[in-house]
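Trainee: Sequence and predicted structure are below.
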Amino acid sequence: MFKHKIRIVLVLIVLCITKQQAQVVINNAAGIIVNGGLVATPSYLVLNNPPAIPITTIGTTGGIMMESEYNITKYNLGTNTTAITVPYFSSALEQFLFKVSAISAGTGAGSLQFSSTKAVTRATGWNNTAYLPSDVNNMTGWITPVPTYTTNNSMNAIDRFWIIDAIGYSTSPGVTYSFGFINAEGAANGGNTIVLNNLQAMAFDKGALTWGNYGPTGVNTAGAPTGTVSGVSLGTGLIGNVFRSWTLVDHLSPLPVDLLNFSGICYGNINANITWSTAVETNSSYFTLEKSIDGQNFSWLANINAVGNSTHTQNYSYVDISDIGFVTYYRLSETDKNGSTKLFNTIVVKGCDENIKENITTTSSVNGSINLSVYSLSNQPISVMVYDVTGRLIYKETLQATQGDNSFTINPSVANGIYVVEAETNLTSIVQRVPVIK
């Protein structure tokens, strides 16, 4: 009976694709199973020119099963802005709807693609590292360079990933997501410690290789046997390009956040002004700043209280008033309220005196270039290097600065993502993460 219903639904899909107007109706426990896809040959269920409601479900147990990254439902959405619903369902006949609303029209005749990946068995499904999507390499929130913090935070994430791609757009639509989730995939399952009511959405930044650049966010609505996390907004140009893979995490124990930038410049006569910024913070307690004269042996300098919880950029600074007439290294770490500590990268500030006021700042632009502002005390070369998130040098240039204010624009010709820019004058240097968006 189950197979018979699948065949009926598949016939309706063919009619939908051929006539490009009829809706697909999935009745009660009927299901469409998309399987057999491989990385080189994905399996697709395609809806051309979908109508206002391309797929309708009757009941709460049927839908589309596509539980591999390469088993895909593809909506040829184009510039359509009508909300759509993807009726996921599991092998246990649990329906968990994924909704896309508040769509702003994309540019070009593109499509949205949906798939999912999960644990083979729920009894051992808590360890998400066993079934990561292809663009995800961790459940920890690594930065560049990779710190010693390597805790697997899978126990606080639901046992599933959602994968959403935008294909064929020159600019993908802006959207708002609603994630339906199966309560049983957040249960103990061998190791989970999730409070279901605390689940919120996080996206993996595939350029920066971190979970720290989006979320946790969303409105949690409890239910049985499923719940929802709604109100998860994403701007134009980001679907699949920057944020492709999603999961739901207990927002009291989120996947770790990352630093946006960390730099130091001479300030005053013999002081150093150390600044850093964070993108998202959840339950962060304080930062610890350390210093060293050899880059190996560090001593404590200060503890700086963190904001704690924020979904916006937060800026911090500290002035080291000790004599730094020689090269000085600074190291930063962050401690969560649960006691976990995360170590970030090390920066160097050249020796300062009353005549040293050189500084460098970087920003990105919307056309894929990177802007540098340099205040130089003399005519001198500026060494600029750009690294990808693996630490690989992908761009190097020597710029010629004149005494005073200088503005430079470099075009490293890279894909959208987060890159590490290192720039150095004779007297100061920075290491800063910069988002590149075309």
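Mentor: All right, it came through fine.

Trainee: Residue ranges of each domain in this protein, please.
Mentor: Domain ranges of the chain: 2-250, 257-354, 358-438, per automatic domain parsing.

Trainee: Please identify the deepest-packed of those.
Mentor: domain 2-250 (a mean of 19; mean count of other Cβ atoms under 10 Å). All C-beta atoms are positioned from the backbone trio N, CA, C, and that covers glycine.

Trainee: so how far is it from its chain's centroid?
Mentor: 15 Å (Cα atoms, centre = their mean, to the nearest Å).

Trainee: in the stretch 151-300 of the chain, which ranges drop under the pLDDT threshold?
Mentor: Counting by pLDDT under 70, the stretch 151-300 of the chain has low-confidence residues at 151, 253-259, 267-269, 279-280.

Trainee: if you go through the stretch 301-438 of the chain in chain order, where are the helices?
Mentor: Using DSSP state H, counting those that start in this stretch, no helices are found in the stretch 301-438 of the chain.

Trainee: And the strands in it?
Mentor: Assigned by DSSP state E, counting those that start in this stretch, the stretch 301-438 of the chain shows strands spanning 309-310, 314-320, 328-336, 341-349, 359-364, 370-376, 380-387, 393-401, 404-410, 417-424, 429-436.

Trainee: okay, the ones you listed in JSON lines with distance to N76 next?
Mentor: Below are those laid out as JSON lines (distance: least, Cβ to Cβ, whole Å):
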{"stretch": "strand 309-310", "distance to N76": "38"}
{"stretch": "strand 314-320", "distance to N76": "41"}
{"stretch": "strand 328-336", "distance to N76": "44"}
{"stretch": "strand 341-349", "distance to N76": "43"}
{"stretch": "strand 359-364", "distance to N76": "32"}
{"stretch": "strand 370-376", "distance to N76": "35"}
{"stretch": "strand 380-387", "distance to N76": "37"}
{"stretch": "strand 393-401", "distance to N76": "35"}
{"stretch": "strand 404-410", "distance to N76": "38"}
{"stretch": "strand 417-424", "distance to N76": "27"}
{"stretch": "strand 429-436", "distance to N76": "29"}
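
Trainee: Specify which residues of the stretch 1-150 of the chain, grouped into ranges, have pLDDT under the cut-off.
Mentor: 1-23, 49-53, 141-150.

Trainee: hmm, back to that, mean pLDDT and distance to A224 added to the strands of the stretch 301-438 of the chain, as a markdown table?
Mentor: As requested, those are exported to a markdown table (pLDDT from 0 to 100; distance: least, Cβ to Cβ, whole Å):
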| stretch | mean pLDDT | distance to A224 |
| --- | --- | --- |
| strand 309-310 | 75 | 28 |
| strand 314-320 | 88 | 37 |
| strand 328-336 | 85 | 31 |
| strand 341-349 | 77 | 36 |
| strand 359-364 | 82 | 45 |
| strand 370-376 | 86 | 50 |
| strand 380-387 | 88 | 48 |
| strand 393-401 | 89 | 50 |
| strand 404-410 | 86 | 54 |
| strand 417-424 | 85 | 39 |
| strand 429-436 | 82 | 40 |
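
Trainee: Am I right that G404 is in contact with S376?
Mentor: Yes - with contact defined as Cβ atoms under 8 Å, G404 counts as touching S376 (6.8 Å).

Trainee: helices or strands up against the helix or strand containing L45?
Mentor: Here L45, judged by DSSP states H and E, is contained in strand 43-47. Judged by 3 or more Cβ pairs under 8 Å, 6 or more residues apart in numbering; DSSP states H and E, the packing partners of strand 43-47 are helix 2-19, strand 71-75.

Trainee: one more time with 6 Å
Mentor: Judged by 3 or more Cβ pairs under 6 Å, 6 or more residues apart in numbering; DSSP states H and E, the packing partners of strand 43-47 are strand 71-75.

Trainee: angle of the strand it packs on against strand 43-47?
Mentor: Put simply, strand 71-75 runs at 20 degrees to strand 43-47, going by axes from the mean of the first three to the mean of the last three Cα atoms, to 10 degrees.

Trainee: Tell me the pLDDT of the closest residue to K438 other than its chain neighbours.
Mentor: Take K438 and drop its neighbours on the chain: the residue closest to it by Cβ to Cβ, 6 or more residues apart in numbering is G368, 4.0 Å away. Looking at G368, its pLDDT reads 81.

Trainee: Hmm, G368 is touching I437, no?
Mentor: No - if you go by Cβ atoms under 6 Å, G368 and I437 don't touch, sitting 7.2 Å apart.

Trainee: sorry, back to before: in its sheet, which strands sit next to the strand holding L45, and in what direction?
Mentor: strand 71-75 (parallel) (DSSP bridges).

Trainee: Could you look up the next helix or strand downstream of the strand it pairs with?
Mentor: Following strand 71-75 in sequence, per DSSP H and E, is strand 84-89.

Trainee: could you check the angle strand 71-75 makes with that next one?
Mentor: 160 degrees.

Trainee: after strand 84-89 comes which helix or strand?
Mentor: Immediately after strand 84-89, counting by DSSP H and E, sits strand 95-104.

Trainee: Report the inter-axis angle for that next one versus strand 71-75.
Mentor: Going by the same axes, to 10 degrees, strand 95-104 makes 40 degrees with strand 71-75.

Trainee: which other helices and strands contact strand 95-104?
Mentor: By 3+ Cβ pairs under 6 Å, 6+ apart, strand 95-104 packs against strand 84-89, strand 174-182.

Trainee: helices and strands around the helix or strand just after the last one, which ones?
Mentor: It refers to strand 174-182. Proceeding C-terminally, strand 174-182 gives way to strand 199-205 as the next helix or strand, assigned by DSSP H and E. Judged by 3+ Cβ pairs under 6 Å, 6+ apart, strand 199-205 is in contact with strand 226-234, strand 243-250.

Trainee: Output those strands in a markdown table, with distance to S413 appended to each entry.
Mentor: Putting the helices and strands packed on strand 199-205 into a markdown table (distance: least, Cβ to Cβ, whole Å) gives the following:
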| stretch | distance to S413 |
| --- | --- |
| strand 226-234 | 26 |
| strand 243-250 | 22 |
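
Trainee: Nearest to L77, out of the ones you listed?
Mentor: strand 226-234 (14.6 Å; Cβ to Cβ).

Trainee: which residues touch that closest one?
Mentor: Contacts with strand 226-234, where a contact means Cβ atoms under 6 Å, 6 or more residues apart in numbering, come from 96, 175-182, 199-201, 217-221, 248.

Trainee: let's see it at 7 Å
Mentor: In this structure, residues lying in contact with strand 226-234 by Cβ atoms under 7 Å, 6 or more residues apart in numbering are 94, 96, 174-183, 196, 199-201, 217-221, 243, 248.

Trainee: what do you get for stretch 364-373?
Mentor: 360-363, 384, 407-412, 421, 423, 434-438.

Trainee: what about it, start to end distance?
Mentor: Distance between the two ends of stretch 364-373: 11 Å, counting by Cα to Cα, to the nearest Å.
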